[in-house]
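Enquirer: 3D, please:
(one chain, ligands or ions: 8)
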Amino acid sequence: MFFLLFLPLKSYSADDILRIITPADKTYIQGGQSIDVVSKVEKNALDTMQIFVDGKTVKTITGIKDKEYICLTIPVHPGLNQIMIAGVGADGFPHSGQVSVFVISPISARYNSPPDGYARYLFHSSSSVCFTCHQMDPTISDGRPAKPSDSSCYTCHKDVTNHKYVHGPTAVWACLMCHDPKAQPKYEVPSPAEKACEVCHKDQIDSWKKLNHQHGPFAMGMCTTCHSPHGSDWPFWTRKFPTDLCLSCHVGQTGDHIITFFDGTPHPIRGKPDPRHPGQELSCASCHSPHASNFKFQLFGDYRHPRHFCTQCHFKG
Ligand code: HEC
Ligand code: HEC
Ligand code: HEC
Ligand code: HEC
Ligand code: HEC
Ligand code: HEC
Ligand code: HEC
Ligand code: HEC
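Expert: Ligands and ions are numbered 1, 2, ... in the order given. Model (predicted):
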């Protein structure tokens, strides 16, 4: 079965035996760690199918002889993903289908905009065959489902909660708190994202907005540049460990800007316990608020008065 890749698949691909009906070719999606791939297969044409991303097998499915649609959720990565399905037909010939999907990552300079010629993939705004078998519009229980599988989004978007830390409303599948089916395009979250966050975090946002020094992206309401609305591997569902998050825009910033020690090494910016926040690792956010503060550079205190600043971590005496 695994000799498939060595065959000249391309020359056989122009047929209807096997093809990808979603996602659409040469499209991009705004973030996300997985995508739904639905393939259409001619009945009785083949029994086993493999699915590849960038040439690597991600799944092998058998027993598909009397299936017409094969639905799968597969993992994707930021940047270009070459998705291919392939199988050997009962006719003895290999068949395949292929699409390219670009996944945008807001905090990666390399992947923050799509390649030329790629259109935004807006699945819910286009017509599809899915409704013949799936519940495609929200039901009453979607407001606050009793369990995840009661949500009509669950079958197709299980992976949204597949993180170490998951955000409250996402964890309970209250998807419609942010994704309005009446929005245009359907389910589109208002921009900037702050408008969606305000619904539940208004007091916190207002209190930051009153402070004298606001951080650029916070002031512009770009909450989801730094926070995933769903979840991540880090507390507060930041898209990266805070130091890496800051460095993705403040490229090349080192601990030199705090102080350089006599031996030439810079002040640490990670890898040590944060004395002000027990249990957390030292990061840029140990000294700078990512949102706002009353001190220059959004620091937690006035750095020109070492007594008020350095000594908060380096105890006197
Ligand atoms: C707190 C608001 C919020 C909640 C709750 C929420 N989302 Fe999202 N979602 C967003 C925003 C904002 C985006 C835009 C892309 C981004 O910033 O990651 C998005 C993007 C998406 C996308 C497209 C790209 C991706 O990240 O995969 C899907 C699919 C999605 N949401 C599904 C869901 C489902 C299913 C739920 C419920 C389990 C849910 N969302 C709950 C705010 C939310
Ligand atoms: C002929 C019926 C049929 C059609 C048409 C169909 N599906 Fe499915 N789909 C199923 C069945 C059956 C399942 C498995 C049952 C389940 O998980 O709820 C499934 C499961 C899925 C899953 C979960 C796969 C996984 O790995 O967990 C996704 C995602 C999905 N469908 C998306 C779609 C999309 C998108 C379309 C339209 C492009 C579509 N389906 C069209 C029948 C269909
Ligand atoms: C039959 C499968 C199916 C169901 C049910 C479904 N979605 Fe989707 N959704 C998809 C597919 C396919 C995409 C394209 C991106 C992907 O594959 O993750 C998508 C994309 C999205 C996006 C990105 C914008 C877009 O239109 O492409 C959002 C937001 C989203 N879904 C929210 C929801 C919410 C909220 C629900 C439940 C009320 C839901 N979806 C139910 C299949 C489904
Ligand atoms: C439907 C209400 C709701 C919306 C909308 C919402 N949140 Fe939340 N958020 C919560 C709840 C409830 C908690 C506390 C439970 C938890 O820790 O998940 C929370 C917690 C958080 C936390 C962690 C706070 C802490 O002190 O632990 C962050 C960060 C956060 N949300 C970011 C966002 C961002 C960014 C948005 C906008 C994209 C947003 N939230 C939109 C309900 C919401
Ligand atoms: C530049 C990146 C960045 C932006 C933009 C940003 N945050 Fe944060 N946020 C962080 C980081 C990093 C943390 C965790 C470190 C900390 O507690 O300060 C955090 C923590 C939080 C917390 C929990 C901790 C607390 O202090 O209460 C909430 C709630 C929160 N953010 C909401 C928001 C909202 C709402 C927005 C948009 C208005 C936003 N953030 C914009 C990076 C950011
Ligand atoms: C999405 C890009 C982005 C991310 C991520 C980001 N910043 Fe910024 N930061 C900016 C922009 C834009 C400005 C405003 C630039 C200016 O005014 O010179 C700024 C300004 C600053 C300033 C003030 C600089 C000055 O000269 O006044 C500090 C301090 C700062 N950021 C620290 C951080 C820290 C700490 C983090 C991580 C928690 C972070 N930034 C994450 C984009 C970002
Ligand atoms: C131990 C506390 C501390 C940590 C950790 C820290 N900073 Fe700073 N940061 C400062 C102080 C103090 C200043 C003011 C320095 C000066 O201008 O003399 C400053 C100034 C800045 C400035 C504005 C002046 C400049 O150099 O451009 C930026 C931007 C900045 N920091 C970003 C970061 C980033 C990004 C990180 C993480 C990689 C970080 N800081 C980690 C204390 C810290
Ligand atoms: C948010 C807490 C924090 C602040 C504020 C801070 N530091 Fe540090 N500093 C640390 C941590 C953590 C280490 C690593 C200690 C270790 O190796 O165990 C460190 C290490 C040092 C060291 C190396 C010697 C030692 O104690 O290990 C010096 C010198 C130092 N810092 C000076 C400063 C100066 C000067 C300032 C003010 C401009 C400052 N620090 C502000 C957290 C901080």
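Enquirer: near ligand 7, which residues of the stretch 151-300 of the chain? Just list them.
Expert: For the stretch 151-300 of the chain, the residues in contact with ligand 7 (C-beta under 6 Å from any ligand atom) are 243, 246-247, 250, 253, 257-258, 267, 269, 284, 286-288, 297, 299. No exception for glycine: its C-beta is placed from N, CA and C like everyone else's.
Enquirer: restricted to buried residues, select the residues you listed in PyMOL.
Expert: Buried residues among those (16 or more other C-beta atoms under 10 Å), as a PyMOL selection:
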select buried, resi 243+246+247+269+284+286+287+288+299
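Enquirer: in the residues of the stretch 151-300 of the chain next to ligand 7, find the pair that's most separated.
Expert: L247 and L299 (17.7 Å; C-beta to C-beta).
Enquirer: so the nearest residue to P145 once chain neighbours are set aside versus G252, what's the distance?
Expert: Nearest residue to P145 in three dimensions, chain neighbours excluded: S151, at 4.3 Å (C-beta to C-beta, 6 or more residues apart in numbering). Separation of S151 from G252 (C-beta to C-beta, to the nearest Å): 44 Å.
Enquirer: for ligand 2, what are the nearby residues on this protein?
Expert: Counting by C-beta under 6 Å from any ligand atom, the chain sits next to ligand 2 at 21-22, 36, 38, 68-69, 71-73, 128-130, 132-134, 155-156.
Enquirer: restricted to strands, list those residues.
Expert: Judged by DSSP state E, strands contain the following of the residues of the chain next to ligand 2: I21, T22, D36, V38, Y69, C71, L72, T73.
Enquirer: V38: neighbour count?
Expert: Counted by other C-beta atoms under 10 Å, the residues lying close to V38 total 16.
Enquirer: what's the answer for the one 10 residues further on, then?
Expert: The number of residues packed around T48, counting by other C-beta under 10 Å, is 15.
Enquirer: can you pull out the strands in this protein?
Expert: Counting by DSSP E, the strands of the chain are 18-22, 27-29, 34-41, 48-53, 56-62, 69-75, 79-88, 94-103, 119-120, 165-166, 213-214, 231-232, 292-293.
Enquirer: can you list the strands that the second one pairs with?
Expert: Looking back up the chat, that one is strand 27-29. Here strand 27-29 has these sheet partners by DSSP bridges: strand 94-103 (parallel), strand 119-120 (parallel).
Enquirer: and the shortest one, average pLDDT?
Expert: Going back to what we said before, that points to strand 119-120. Per-residue pLDDT over strand 119-120 has a mean of 96.
Enquirer: are it and ligand 3 in contact anywhere?
Expert: No: using C-beta under 6 Å from any ligand atom, strand 119-120 stays clear of ligand 3, coming no nearer than 8.2 Å.
Enquirer: does any part of that strand sit near ligand 1?
Expert: No: using C-beta under 6 Å from any ligand atom, strand 119-120 never reaches ligand 1; the gap is at least 11.1 Å.
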